Each structure stands twice: as C-alpha cells, then as structure tokens.
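>>> A structural model of the following input is requested.
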Amino acid sequence: MAIKPLRKAVLPVAGLGTRFIPATKAMAKEMLPVVDKPLIQYAVEEARAAGIEQFCMITGRGKTALVEHFDVAYELEQVLRERGKTRELEMLSAISVAPGNMNTVRQQTPLGLGHAIWCARAFIGEDPFAILLPDDLVLAETPCTRQLAEVYAETGGSVVAVTEVPREQTSRYGILKVGHDDGRRVEVTGLVEKPRPEDAPSNLSIIGRYVLTADVMKYLAKHERGAGNEVQLTDAMAKTIGEVPFHGLRFEGRRFDCGDKVGFLEAQIAFALKRPDLAPAVRQFLKQYTEGSETA
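Numbers count the residues shown, from 1 in each chain. Prediction:
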C-alpha cells in the first residue's frame with residue numbers, strides 16, 4: 001500500500017498554563033516568547049520544515065491570540081511600510097498562514113491529550129498527521145518533525161520522537177516497550193503511560209512530537225479513561241501496534257521542557273546562544289553571573 005504524504009499537523013493548545021501564573025493569567029502560555037518568537041510559532045515553523053501545509057489548533061477559552069498571531073495584521077503592516085521597516089515586514093509575511101490552512105477546534109472540557117486529538121477528527125479524516133506539543137521545544141540542525149517525517153516516508157505507520165530519561169522519572173511520561181533497536185530507530189512493541197519505575201519496560205520516553213495514522217482515531221473515539229482518569233493518547237496508540245508499523249526515533253537535537261520554568265529559562269539561553277546577533281552579549285552577561293560578579 002502506498003504511503004500517504006504527510007500534510008497535516010495538530011497543535012494541542014487548550015491548556016491553562018497554571019505553572020506560569022501570573023504571566024499566563026491573561027495570555028496563552030503558547031504565546032510566551034523564547035528570545036523573540038512565541039512557542040506556538042516555533043511549532044508551526046518546525047512543522048512547515050517537514051512539508052506540512054495544514055494546521056489545526058485545539059484551543060480553549062482565552063486562546064484567540066494564538067490564531068491572530070498567524071493572521072494578517074493590516075494596520076501594523078501599514079505602519080511598518082510608512083516607516084520603511086522592510087525587514088520587519090518580511091518577518092510578518094513569513095509568519096502568516098495561507099487562507100484556509102489554519103483551523104481551530106474547541107476542547108470545552110480538559111479530558112486529556114487523547115481527547116484533544118479526538119476533537120480534531122473532522123480535520124484529520126483518513127490522513128496521516130503530526131502532533132506537536134508547543135511546550136516541548138527542540139533545538140536541532142534538522143527540525144525534529146522533519147526527522148520523524150523522513151522515517152515515516154520509509155516505514156509508514158506511526159513514528160514518535162523518543163529520548164532516554166532517568167528510571168526514577170518514568171512515572172512522568174509515556175514509556176516504550178522495545179523490540180529491535182539499531183541505536184537510532186526503535187521498533188515499538190508496547191506503550192505504557194506513566195508507569196512506576198519498577199514497572200517501566202524501558203527508560204525510553206515519548207516527547208511531544210508524533211506522526212500518526214488515522215487508525216488511532218477509532219480507539220480515541222471510545223473515550224476510555226487511563227492514567228489521571230483522562231483519555232490518554234498513549235493508550236490509543238498502543239492499541240494500533242500490530243495493525244500499523246510503529247517506531248520510535250532517537251531524534252538528533254536537544255529538547256527543552258518549556259512547560260517548566262527552569263526548562264523555559266534554559267531554552268532562552270540556548271536559543272539566544274545560537275543567534276550571531278545575540279550570542280556575544282549573552283556570553284558576556286552569563287560570564288558575569290557565573291563568576292559571581294552580579295550586582296545586587
């Protein structure tokens with residue numbers, strides 16, 4: 001059977017961002033900037049680099065700014081033209097999404113990631129799709145979703161980005177049961193959502209990057225509850241094993257958990273140090289602080 005091209009991405013962004021209150025009291029956590037771009041923009045740009053053209057945000061109340069960020073800002077663009085801000089105009093043009101290619105769906109009740117993906121069922125249809133969790137930011141030479149898409153183009157089925165975690169942290173993640181492992185690509189023979197360390201089949205954890213086939217939707221439609229009494233995406237994916245090929249990819253790059261304050265701050269520094277216009281100044285002030293010469 002021919003492998004369908006990957007052209008769709010689902011972005012679950014309905015969370016409240018409670019770990020970043022008060023910053024997120026009136027602003028979506030996905031609009032928090034890393035250096036000078038919001039998290040949601042990094043996710044969309046990463047998906048575009050994998051050839052993805054159509055997007056669906058799973059939103060909640062107070063999330064309208066996420067959609068507006070990718071819309072045309074006529075008044076702002078006019079001011080920039082009048083002031084000769086050509087570079088800024090080019091930046092805005094690069095952000096916007098073509099008409100009809102950005103969809104939104106409301107998840108009225110927070111019933112878990114699996115439920116959020118099920119809310120996008122009409123958008124997904126029978127097509128393969130990527131899932132990008134904007135909280136997970138990946139710094140890589142080849143964007144993480146593109147790495148997954150390249151494996152999907154070879155194998156079909158499902159491909160998830162994985163990383164090794166300390167055994168004592170397995171209860172925070174979806175953990176793989178592993179078959180054949182060539183050091184980069186892993187055959188997935190089972191999945192367990194947030195197992196206790198003593199029950200974890202491995203220490204390979206799924207991060208917030210997935211390429212899935214529509215086969216997972218028939219299991220999400222059952223709304224079966226799992227860990228945390230939520231509809232778990234991991235549980236539905238596990239039921240597709242044996243029906244479709246399923247692989248984990250040890251992606252190349254570094255992942256930052258931007259849903260955590262320390263991870264968010266680390267991402268700021270790492271991404272700033274990759275910028276030629278910012279790196280020298282950032283290195284200088286880091287040197288001052290790490291040498292204990294900061295002022296009170």
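>>> was I right about Glu30 contacting Pro134?
Yes - the pair Glu30 and Pro134 passes the contact test of CB atoms under 8 Å, sitting 4.6 Å apart. Using the backbone N, CA and C atoms, a C-beta is placed for each residue, glycine as well.
>>> overlap in contacts of these two?
Val13, Leu39, Ile40, Ala43 (CB atoms under 8 Å, 6 or more residues apart in numbering).
>>> Which ChimeraX command selects the buried ones in those?
This is the ChimeraX syntax for the buried subset of the shared contacts of Glu30 and Pro134, where burial follows 16 or more other CB atoms under 10 Å:
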select :13,39,40,43
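>>> roughly how far apart are Asp277 and Pro12?
Using CB to CB, to the nearest Å, one gets 33 Å for the distance from Asp277 to Pro12.
>>> which of these two has more neighbours?
Set Asp277 next to Pro12 and count neighbours by other CB atoms under 10 Å: Pro12 wins out with 27 against 7.
>>> Now the more buried one. Its backbone dihedrals?
With angles defined as degrees, to the nearest 10, Pro12 sits at phi -80, psi 110.
>>> For Cys144, see how far away it is.
The spacing between Pro12 and Cys144, counted by CB to CB, is 16 Å.
>>> With Ala2 instead?
Note on Ala2: its distance to Cys144, by CB to CB, is 25 Å.
>>> Kindly report the same for Val72.
Distance, Val72 to Cys144, by CB to CB: 28 Å.
>>> And for Val159?
Taken as CB to CB, the span from Val159 to Cys144 is 11 Å.
>>> Neighbour count: these two, which is higher?
More crowded of Val159 and Cys144, by other CB under 10 Å: Val159, with 30 against 26.
>>> That one: which element?
Under the criterion of DSSP states H and E, Val159 resides in strand 158-164.
>>> counting contacts, what elements does that strand pack onto?
helix 144-155, strand 185-193, strand 204-212, helix 233-240, strand 246-250 (3 or more CB pairs under 8 Å, 6 or more residues apart in numbering; DSSP states H and E).
>>> Tell me which of these lies nearest to Gly114.
Smallest distance to Gly114 across those (CB to CB): 4.2 Å, for helix 233-240.
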